[in-house]
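> Build me a structure from this.
(2 chains)
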Number of protein chains: 2
Amino acid sequence: MVRTIDWVDGAVVIIDQTALPAAETWLRLSTVDDLVEAIARLAVRGAPALGVAGALGVALAAKTLPEADWADAVKRVATARPTAVNLAYGVRLAQARLDDGPDAALAAALDLRDAEIAASQAMARLGADLLLELCGPAPRLLTHCNTGGLASVTLGTALATVAELHGRGIEVSVIASETRPLLQGARLTTWELGRLGVPHRVAVDGAGPFLMARGEVDAVIVGADRVCANFDVVNKIGTYAHALGARAAGIPFIVVAPESTVDTETPTGRDVAIEDRGAAEVLGFRGAQAAPRGTDAINPAFDVTPHELVTAIVTEQRVVRPER
Amino acid sequence: MVRTIDWVDGAVVIIDQTALPAAETWLRLSTVDDLVEAIARLAVRGAPALGVAGALGVALAAKTLPEADWADAVKRVATARPTAVNLAYGVRLAQARLDDGPDAALAAALDLRDAEIAASQAMARLGADLLLELCGPAPRLLTHCNTGGLASVTLGTALATVAELHGRGIEVSVIASETRPLLQGARLTTWELGRLGVPHRVAVDGAGPFLMARGEVDAVIVGADRVCANFDVVNKIGTYAHALGARAAGIPFIVVAPESTVDTETPTGRDVAIEDRGAAEVLGFRGAQAAPRGTDAINPAFDVTPHELVTAIVTEQRVVRPER
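Numbering: from 1, shown residues only, chains lettered A, B, ... in the order given. Down below sits the predicted model:
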């Protein structure tokens, strides 16, 4: 099974997610600068994968830099992207072992990697059971962004439940919301579902709520970049619109995310700083310029789905029902 | 003021909307063949503009062809786009005057052109008054697709209210939802707002409801492809999601459309067949392929916003309040 991110022979190795699905390119990141740049340009993305990237970044700093430079390098890794709680979490885990030297930090990072793999397997089983309970024997699901193995180390979060259902021989199908501006749904989720052999179709993001109203979707399943203490869910921009659609259509809206994504330090979604990734991502479309030159854009990378709209949050340990 | 379509020195003159915003190209269509080809490839689009194109097409046939060929030419104009109701409507208006000769048909077409211009002006005034009443002195609006002069002869529908507010010296600003898959918002609405000098930014479609929740939008304004007898609104895919967002945020959702769009023959939105325009529009963009080869898509071109979510429908004659 492919590992999106791993430690191989003294360097962090990732699959370059910006090149998919056109090319399957593996990158060897042997310096902190390489890793920070890869995180910033989303070559590695997804909450669990970013946690492992953060922890491995600390190990990379300790292994490649003089001790006087560790603190600065660790800070650069932790702040490479502002909204994902897992990145800082992974950094803290490995950083806590730095006093025992580079090997201890690396061991902590590899423990986190293995814990994320185990968490994906547990979430997949719990999530699949819940979907069968809520949707009946042949779930037709809509998902947003990418929550498969690419977003994690392997297997994933929301998409791991799809793989689990498919593996059990259940007739499951998926509408992949394309997820503008970076098209993680159209590019990555399709690539993963194609490899799994799960029937799927792409839809533009704006079509989601209408497809639900028309009765073509049994449940919405998504991942999370951060789950707040009150169970508000911070996830890829466009998630909230699907949650509104699910509520209006009377279908479940289910979040699958590891416990490492639950951030009890953040009381509500209003307390989360939402990254704006600038106009270029929106106005350029696969190399073509859509809008007139000089046009500006507003580009929040994430949105907040209030807990009242969330039917269930599935972690590797529990199924929470925030709407109740 | 630019006219998207007009009659100039014995020919139909249009701005080529497929070339915008990269190039502002005016086409002189001096034969029926030229006009039919321009309609078919969407060089001229938008319901009111297509009505005028149909009527001018009849005049063009009568002025350039022997009388024996009129019937065939008129039929080709009327069927250049099979689903466009306004096109056939415009053709019928001018055709009814053909017995009185080419000049009579042309006069009927020019009357329709002038009627569309007058309707836009009336809608703009009524809509602007309503927006000031509902949003206060500096409305921050979100719109979807393109509803400006390009979709009409000049001014437009929803976007005409923005031009009217700006012309009155009101501090109005607009978020243009990009409108996947064909990006009419990013390409055409931005171009029109830039020419008007109205401050504007593009957002991906999925961001609309979150921007409303965050308090960055005072009202949503859109056009309509069809208003049903019960005031359900059929419009570009993505409209319904914005309506859900507006309701959740407690802001007005306003539809601006001419009386000719109100279809009393169609009881509700459920009675409207929604065209699926196929996978290529979603998966490809100007030659770039987003998803893996062989991927399928579901691509409804329109959606239905139930009348319960519609704060007001503004026509050239009245302001209807369906939600009440």
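> Residue B:258 versus the residue most central in space within chain A, what's the distance?
Using CA atoms, centre = their mean, the residue of chain A that lies closest to the mean C-alpha position is residue A:46, 2.9 Å off. Separation of residue A:46 from residue B:258 (CB to CB, to the nearest Å): 47 Å. To be clear about C-beta, it is placed using only N, CA and C from the backbone, and glycine gets the same treatment.
> Equivalent analysis for residue A:85, please.
Distance of residue A:85 to residue B:258, computed by CB to CB: 50 Å.
> Also residue A:297?
Here the criterion is CB to CB. By it, residue A:297 lies 31 Å from residue B:258.
> Then residue A:3?
Distance of residue A:3 to residue B:258, computed by CB to CB: 58 Å.
> For these two, indicate the residue with more neighbours.
In terms of neighbours (other CB atoms under 10 Å in any protein chain shown), residue B:258 is the more surrounded of residue A:3 and residue B:258; the figures are 25 against 18.
> what sits against the more buried one?
Residues counted as contacts of residue B:258 (CB atoms under 8 Å, 6 or more residues apart in numbering or on different chains) are B:48, B:116, B:119-120, B:123, B:157, B:315-316.
> And the residues you listed, which is closest to chain A?
residue B:157 (19.2 Å; CB to the nearest CB).
> residues touching that closest one, list them.
For residue B:157, the contacting residues are B:48, B:120, B:123, B:147, B:151, B:223-224, B:256-258, taking CB under 8 Å, 6+ apart as the criterion.
> Phi first, then psi, for it.
Its backbone dihedrals place residue B:157 at phi -120, psi -90, with angles given as degrees, to the nearest 10.
> Tell me the spacing between residue A:100 and chain B.
Applying CB to the nearest CB, to the nearest Å, one obtains 43 Å for the distance of residue A:100 from chain B.
> Ignore what I typed, I meant residue A:114.
Applying CB to the nearest CB to residue A:114 and chain B gives a distance of 30 Å.
> same check, this time on residue A:60
Here the distance between residue A:60 and chain B works out to 32 Å (CB to the nearest CB).
> Next up, identify which helix or strand that residue is on.
When secondary structure is defined using DSSP states H and E, the element that contains residue A:60 is helix A:47-64.
> Repeat that for residue A:137.
Take DSSP H and E as the rule and residue A:137 turns out to sit in neither a helix nor a strand.
> Could you report the neighbour count for residue A:265?
By other CB under 10 Å, the residues close to residue A:265 number 8.
> Angles on the backbone of it, please.
Reported as degrees, to the nearest 10, the phi and psi values for residue A:265 are phi -80, psi -20.
> what's near enough to touch it?
Contacts of residue A:265 (CB under 8 Å, 6+ apart): residue A:229.
> Can you read off the pLDDT for it?
Here, the pLDDT recorded for residue A:265 equals 94.
> State the distance from it to residue A:242.
Distance of residue A:265 to residue A:242, given as CB to CB: 27 Å.
> Now find how far off-centre the helix holding residue A:60 is within its chain.
Relative to its chain's centre, helix A:47-64 lies at 16 Å (CA atoms, centre = their mean, to the nearest Å).
> Return the set of buried residues in whatever helix or strand comes next after that helix.
Proceeding N to C from helix A:47-64, the next assigned helix or strand is helix A:70-78, under DSSP H and E. Neighbour-count burial for helix A:70-78, counted by 16 or more other CB atoms under 10 Å in any protein chain shown, picks out A:70, A:73-74, A:76-78.
> Give me the subset of the contacts of residue B:157 lying in helices.
With helices identified by DSSP state H, the entries of the contacts of residue B:157 that belong to them are B:48, B:120, B:123.
> Can you check the pLDDT for the closest residue in space to the first one that isn't next to it in sequence?
Nearest-residue entry for residue B:48: residue B:152, 4.1 Å, with adjacent residues in sequence omitted and distances by CB to CB, 6 or more residues apart in numbering or on different chains. According to the per-residue confidence, residue B:152 scores 91 in pLDDT.
> Quick check, residue B:152 in contact with residue B:51.
No - counting by CB atoms under 8 Å, no contact exists between residue B:152 and residue B:51, whose distance comes to 9.4 Å.
> Overlap of the contact sets of the two?
Looking at what touches both residue B:152 and residue B:51 (by CB under 8 Å, 6+ apart), the common residues are residue B:116.
> picking up where we left off before, kindly reformat the buried residues of helix A:70-78 as a markdown table containing pLDDT.
Listed next are the buried residues of helix A:70-78 as a markdown table, based on pLDDT from 0 to 100:
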| residue | pLDDT |
| --- | --- |
| A:70 | 97 |
| A:73 | 97 |
| A:74 | 97 |
| A:76 | 97 |
| A:77 | 97 |
| A:78 | 96 |
